[in-house]
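K.L.:
Task: produce atomic coordinates for the following.
(2 chains)
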Amino acid sequence: MQSRDKFKIISEMARRRGFFWQSYEIYGGVSGFITLGPLGSTLKRKIEDKLRDFFIRKLGLFEIETSVIMPGKVLEASGHVKAFQEPMVECNKCTRKFRADHLLLEFAGMNETDTEKLSLQNLMGEINKRGIHCPECGGNFGEPKRFLTMFETTIGPYSEAVGYGRPEAAQGIFVEYKRIYECARKKLPLGVAIIGHALRNEISPRQGPIRLREFTIMDLEFFFDPEKPQCTMLKEVENETLRLLHGKMVLKGVEEPIEVTVKEALSKRLIATEWQAFFMVLSKRFLTELGVPENKQRFIEKQDWERAHYSVQGYDQQVYLDRWGWVEVSGHNYRTDYDLKCHMESSGVDMTAFKEHEQPIEKEEVTVKPITSKIGPAFKDDTSKVVKLLSTLDPRELEVSFKKQGFHIVESFKILPQHVKIVHKKVKEKGKRFIPHVVEPSFGLDRLFYVTLEYAYKTKEGRTLLSLPRDLAPVEIGVFPLMSKDGLPEKARQVYQLLINSGFKVEYDESGAIGRRYARADEVGTPLGVTVDYKTLEDDTVTIRDRNTWRQVRNKVHNLPELFHAYFSYKKEFKELK
RNA sequence: GCGGCCGUCGUCUAGUUUGGUUAGGACAUCAGCCUGCCACGCUGACGACCCGGGUUCGAAUCCCGGCGGCCGCACCA
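P.N.:
Okay, here's the model as predicted:
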């Protein structure tokens, strides 16, 4: 490990210039929490807005906002309460900790379905029974304990009602699905996103913005009809390539991803659903726009045992980082109908969708109607029981029995044809109900934020330069008087005000020499510098300086607002500003 | 959470071995001078021993605890 890698250099710069730092520093700091400074909060917000634009606005999807605290029920239903706690045992001799269930898997040849069913006490019992000792030192284990990695609280001060900090935003969408579906006028496919904080009480978060206990994510749940899984926008992406490491490659230890078109990936079933492939392409494009070259990105498939409890196929989008190598920035999971089904079962609320058949299907419906005036006298006290039994019978079976033997026996009762009326009715089935399936792209905003900084970090002639994409730069324009005398500062302040009034984020700086001010601006990634010099006083022109190339062009002050708007929306390049 | 190493101005660091002046430097920041386009120069200012306890006449330095960092183990759904 190098002593001064990019993470360290960027962290130092970030602290100094106000991008991010560890929270609660005055109390010694708490790991797993960071504070975004003045520049950082703006940069992150801009990344967030770009994500919004890319995945929500342009696709016509919905965004909602839900609370961070969730009642226990929700996360019990979703399976998180179970999945987010691990049974641990500690070796009495060497104090090393192990997953109790993993020990049984590894040393006792049990399988996962067996270990999942075991309570803490049973786990202990199994470990003792099978004579498992500490694999490191051979010592005995103490009592197993549960480690819950969700933040737990009670809702209401005197209440017993357990609540958890949400470990993902997604559940907010599933629990509100019914109403959103109505807002969408019951149309599928339907995409819903949440951008917000999530909490995970990580055992040992150590990597700055890469692993936090409180972090920002975007969960996008895309609901579709599993019988109509075709992506309506596939044409737009099908010839684009993805760098994939699919499951079999990973198992073989292959490091170099294959490059396949979306079309191929789908036809070879490397990606399970079209929509998932579509979102993967979008994610690749998005990271490219944040400044990460394609060869520093890849998608790696998760193995069965690595996937979250709700996922049947998952790819992680990874970006190569200087310090940690490949790091996940987004996850793409096929959650099927898992979540809606869980919440339907647990809440009892129907969240199925209805779809019409293209042609109504004609069906003959057979029902049994008990004739109580006949059943009553025949069965006396058992009448109500018989009526009940009749309602559970298959009418067709009853009919066959009558035809064959003239009666039907249920339990000990002999039903005769005169006891019931069998009605045949032709009904048109107009459609059917189903639970939508879900593909989910999920982004870690804090990681995107760090990745953007790391890929923007450059040095030029021994100076630091953040080549942030211009639409993400927290400060857009620096305004400088060449000298802080001779009326130049006054004129520069007028230019500053003009640009501020035109809606730009501008910084005025007259401290130190001009070169130093350029250097300061470069270090925080300010794309453009406007310098007021002696010529400005004569003809009202200023120089405009490009952060990346340090080139300059000249233009009239009154042209600046329009030119800059065009520049920041990528309609003009720097050269065209003259 | 465990083990090893570590924690000094905003940043990077000297000093800790062997307790003893006003804790030194560089960069950055601010003020002034200088300066006609890329961290110029000069003068000055501001600014630190992670927190708590202990040992001692005296602790940045030694001891204990806490917090935090790095590396390894485990965890990362």
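
K.L.:
From residue A:337, how far off is residue A:530?
P.N.:
Residue A:530 sits 56 Å away from residue A:337, taking Cβ to Cβ, to the nearest Å as the criterion. Backbone N, C-alpha and C define where each C-beta goes, glycine included.

K.L.:
Looking at those two, which one has more neighbours?
P.N.:
Neighbours per residue, other Cβ atoms under 10 Å: of residue A:530 and residue A:337, the larger number sits with residue A:530, 24 against 17.

K.L.:
Touching, that one and residue A:559? I think so.
P.N.:
No - with contacts defined as Cβ atoms under 8 Å, residue A:530 does not count as touching residue A:559, sitting 11.5 Å away.

K.L.:
Common neighbours of these two, please.
P.N.:
Counting by Cβ atoms under 8 Å, 6 or more residues apart in numbering, no residue touches both residue A:530 and residue A:559.

K.L.:
low-scoring stretches of chain A, by residue?
P.N.:
A:1-4, A:91-97, A:111-120, A:135-138 (pLDDT under 70).

K.L.:
repeat that with 50
P.N.:
A:1-3 (pLDDT under 50).

K.L.:
quick one: residue A:556 and residue A:536 touch, right?
P.N.:
No - Residue A:556 is beyond contact range of residue A:536, at 9.9 Å (criterion: Cβ under 8 Å).

K.L.:
Could you check which of those two is surrounded by more residues?
P.N.:
residue A:536 (24 against 12).

K.L.:
Who are the packing partners of the helix or strand that contains the more buried one?
P.N.:
Assigned by DSSP states H and E, residue A:536 belongs to helix A:534-539. Applying 3 or more Cβ pairs under 8 Å, 6 or more residues apart in numbering; DSSP states H and E, one finds that helix A:534-539 makes contact with helix A:488-501.

K.L.:
partner strands of the very next helix or strand once past the helix it packs on, parallel or antiparallel?
P.N.:
For helix A:488-501, the succeeding helix or strand toward the C-terminus, using DSSP H and E, is strand A:506-508. Sheet partners assigned to strand A:506-508 using DSSP bridges are listed as strand A:477-481 (parallel).

K.L.:
Neighbours of residue A:398, how many?
P.N.:
Other residues within reach of residue A:398 by the criterion other Cβ under 10 Å amount to 20.

K.L.:
does it sit in a helix or strand, and which one?
P.N.:
Element membership of residue A:398 [criterion: DSSP H and E] is helix A:395-405.

K.L.:
next one: that helix to chain centre, how far?
P.N.:
On the basis of Cα atoms, centre = their mean, to the nearest Å, helix A:395-405 is displaced by 55 Å from the centre of the chain it belongs to.

K.L.:
What is the next helix or strand after that helix packed up against?
P.N.:
Using DSSP H and E, the helix or strand that follows helix A:395-405 in sequence is strand A:408-410. Applying 3+ Cβ pairs under 8 Å, 6+ apart, one finds that strand A:408-410 makes contact with helix A:383-392, helix A:395-405, strand A:413-415.

K.L.:
Just want the most central residue of chain A.
P.N.:
With distances taken as Cα atoms, centre = their mean, chain A has residue A:442 as the residue nearest its mean C-alpha position (1.8 Å).

K.L.:
Quick check: that residue vs residue A:279, distance?
P.N.:
Noted for residue A:442: a distance of 10 Å to residue A:279, by Cβ to Cβ.

K.L.:
Common neighbours of the two, please.
P.N.:
Counting by Cβ under 8 Å, 6+ apart, the common neighbours of residue A:442 and residue A:279 are A:220, A:332.

K.L.:
which residue packs closest to the residue of the stretch 251-400 of chain A found nearest RNA strand B, ignoring adjacent ones?
P.N.:
Closest approach between the stretch 251-400 of chain A and RNA strand B, counting by Cβ to the nearest atom of the strand: residue A:308, at 2.5 Å. Residue nearest to residue A:308 in three dimensions, not counting chain neighbours: residue A:333, with 6.6 Å by Cβ to Cβ, 6 or more residues apart in numbering.

K.L.:
what about the residue of the stretch 401-550 of chain A found nearest RNA strand B, which SS state?
P.N.:
Closest approach between the stretch 401-550 of chain A and RNA strand B, counting by Cβ to the nearest atom of the strand: residue A:515, at 2.4 Å. Here residue A:515 takes the helix state, with states given by DSSP: H, G, I helix; E, B strand; the rest coil.

K.L.:
and it, how many neighbours?
P.N.:
Residue A:515 has 9 neighbouring residues, counting by other Cβ under 10 Å.

K.L.:
and it, what is it in contact with?
P.N.:
Counted by Cβ under 8 Å, 6+ apart, residue A:515 has zero contacts.

K.L.:
go on, residue A:10?
P.N.:
The contact partners of residue A:10, taken as Cβ under 8 Å, 6+ apart, are A:450, A:453, A:454, A:457.

K.L.:
Distance of residue A:110 relative to residue A:312?
P.N.:
23 Å.

K.L.:
Actually, residue A:187.
P.N.:
Following Cβ to Cβ, the distance that separates residue A:187 from residue A:312 is 25 Å.

K.L.:
Could you do residue A:38 as well?
P.N.:
Distance, residue A:38 to residue A:312, using Cβ to Cβ: 43 Å.

K.L.:
Also residue A:407?
P.N.:
The value you get for residue A:407 to residue A:312, if Cβ to Cβ is used, is 49 Å.

K.L.:
And for residue A:300?
P.N.:
For residue A:300, the distance to residue A:312 under the criterion Cβ to Cβ works out to 17 Å.

K.L.:
The two: which has the busier surroundings?
P.N.:
Taking residue A:300 and residue A:312 together and counting by other Cβ under 10 Å, residue A:300 has the greater number of neighbours (21 against 14).

K.L.:
So that one sits against residue A:315, correct?
P.N.:
Yes - because the distance of 6.6 Å satisfies Cβ under 8 Å, residue A:300 is recorded as touching residue A:315.
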